[in-house]
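Asks: Generate coordinates for the sequence data below:
(one chain, ligands or ions: 2)
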Amino acid sequence: MSCTKCGSENVIIHRRYSGQHLCKKCFIETIQKKVLKDIKKYELIKKGDKVLVALSGGKDSTTVLDILSILAERNIIELEAITIDEGIKDYREKGIEYASETCKKLGIPQHIFSFKEHFKITIDEIMASKPPRKACTYCGVLRRWILNKEAKKLGADKIATGHNLDDEVQAIVMNYLEGNIENLTRIGPATYSQKFVTKIKPLREIPEKEVTAYVMAKGLKVHLEECPYRKTSFRKKIGTILTGLSKDHPTILYSTLRGHEKIRNALKKELKGESILRECIRCGQPAARDLCKTCTLLKEIGRLKDEIHSHNR
Ligand code: SF4
Ligand code: ZN
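Replies: Ligands and ions are numbered 1, 2, ... in the order given. Predicted coordinates for the structure are as follows:
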């Protein structure tokens with residue numbers, strides 16, 4: 001089989017959803033072009049933006065950094081990275097090490113923050129407390145809190161995350177199955193919300209398998225290990241079902257994504273926009289009620305002390 005684009009015999013990937021066979025060079029080019037095209041199409045980035053990549057050292061965020069570094073090299077954006085240490089022993093250390101190496105190699109400034117310094121507690125400690133808790137719920141909410149707070153302080157216009165096509169479709173299906181219809185209106189290429197730094201997902205239309213192929217083709221050093229808490233998560237279960245379905249229905253991820261886009265606006269109208277956000281009375285971050293989600297969760301685990309949250313907004 002030869003490359004659909006250049007005729008080379010060294011094919012490294014077969015895209016079942018489009019029928020294309022691609023060699024390494026053409027594959028790398030198609031991924032970069034697609035991501036840069038989507039950034040333009042969905043107006044994710046403006047010239048002069050300061051973009052902060054939420055960099056874990058894994059394949060997805062490293063790919064985002066690698067592709068956005070093309071725009072930084074062309075002086076279209078200012079690019080920096082932010083890495084969060086959630087405190088997951090024997091897992092997160094390696095990711096941080098690889099993330100730092102990548103930043104050094106690309107000459108991109110990196111900022112590292114931890115749950116321990118912000119909340120005086122790690123995910124491992126939360127999981128060791130009683131009753132048993134869902135790691136990803138705490139991890140996601142607390143991480144977003146640090147990201148928003150520090151991105152504001154750093155003067156960032158956008159936070160770029162590594163969500164790929166599989167992640168996005170998993171989120172759509174999970175929220176649908178759990179009846180979180182309001183959340184469905186917030187899933188999209190960018191999340192604009194009052195008082196939050198805008199989050200963008202440049203890899204949203206790239207299948208996970210192709211992100212893995214991209215890091216291998218480019219020889220990027222990434223942390224491929226899976227988080228120990230992911231194994232038992234609902235997301236993992238949904239991901240396994242969707243991967244199984246994709247084998248016989250190669251276009252199913254894209255059709256689910258497109259279907260969601262069609263109903264998103266109708267849902268927004270039905271739900272009459274998002275609720276007005278105010279400031280959390282404990283930490284000053286955006287909140288739908290008196291306490292933001294982070295302070296609510298910290299209160300739940302009995303660790304909400306005045307010294308935990310400084311009020312420097
Ligand atoms: Fe955090 Fe869950 Fe991701 Fe692990 S899998 S890093 S616990 S959100
Ligand atoms: Zn708060």
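Asks: Where does C139 fall, secondary structure wise?
Replies: Assigned by DSSP states H and E, C139 belongs to helix 135-153.
Asks: What pLDDT does the model give the nearest residue to L245 once chain neighbours are set aside?
Replies: Across the structure, with Cβ to Cβ, 6 or more residues apart in numbering as the measure, the residue nearest L245 apart from its sequence neighbours is I252 (5.4 Å). For every residue, glycine as well, the C-beta is placed using N, CA and C. With respect to pLDDT, I252 has a value of 97.
Asks: same question, K37
Replies: Predicted confidence (pLDDT) for K37: 98.
Asks: Could you measure from it over to ligand 2?
Replies: In this structure, K37 and ligand 2 are 38 Å apart, going by Cβ to the ion, to the nearest Å.
Asks: what's the burial count for that residue?
Replies: Other residues within reach of K37 by the criterion other Cβ atoms under 10 Å amount to 11.
Asks: Extract the CA atoms of stretch 48-67 and return them as CSV.
Replies: Listed next in CSV are the C-alpha coordinates belonging to stretch 48-67 (Å, rounded to 0.1, in the frame of the first residue of the first chain):
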residue,chain,number,x,y,z
GLY,A,48,-1.0,38.4,19.9
ASP,A,49,-2.7,36.1,22.3
LYS,A,50,-0.8,34.8,25.3
VAL,A,51,-1.6,31.0,25.3
LEU,A,52,-0.9,28.8,28.2
VAL,A,53,-0.8,25.1,27.5
ALA,A,54,-2.0,22.9,30.4
LEU,A,55,0.9,20.5,30.0
SER,A,56,0.9,17.2,31.9
GLY,A,57,3.8,15.6,29.9
GLY,A,58,1.3,13.1,28.4
LYS,A,59,0.8,12.6,24.7
ASP,A,60,-2.1,15.0,24.2
SER,A,61,-0.8,18.1,25.9
THR,A,62,2.7,17.6,24.5
THR,A,63,1.2,17.4,21.0
VAL,A,64,-0.7,20.7,21.6
LEU,A,65,2.5,22.4,22.8
ASP,A,66,4.4,21.0,19.8
ILE,A,67,1.9,22.3,17.2
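Asks: first vs last residue of stretch 219-237, how far apart are they?
Replies: Across stretch 219-237, the straight-line distance between its terminal residues is 30 Å, by Cα to Cα, to the nearest Å.
Asks: from the middle of its chain, how far away would it be?
Replies: 13 Å (Cα atoms, centre = their mean, to the nearest Å).
Asks: what comes up buried for it?
Replies: Of all the residues in stretch 219-237, those buried under the rule 16 or more other Cβ atoms under 10 Å are 220, 222-223, 227, 229, 233.
Asks: so which of those residues also contact ligand 1?
Replies: When the buried residues of stretch 219-237 are checked against ligand 1 using Cβ under 6 Å from any ligand atom, the ones in range are 227, 229.
Asks: Turn the buried residues of stretch 219-237 into JSON lines, columns for pLDDT and distance to Q194.
Replies: JSON lines is the format used below for these (pLDDT from 0 to 100; distance: Cβ to Cβ, whole Å):
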{"residue": "L220", "pLDDT": "96", "distance to Q194": "36"}
{"residue": "V222", "pLDDT": "97", "distance to Q194": "34"}
{"residue": "H223", "pLDDT": "96", "distance to Q194": "34"}
{"residue": "C227", "pLDDT": "94", "distance to Q194": "31"}
{"residue": "Y229", "pLDDT": "91", "distance to Q194": "31"}
{"residue": "S233", "pLDDT": "85", "distance to Q194": "29"}
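Asks: Kindly identify which of the buried residues of stretch 219-237 also come near ligand 2.
Replies: Near ligand 2, judged by Cβ under 5 Å from the ion, there are no entries from those.
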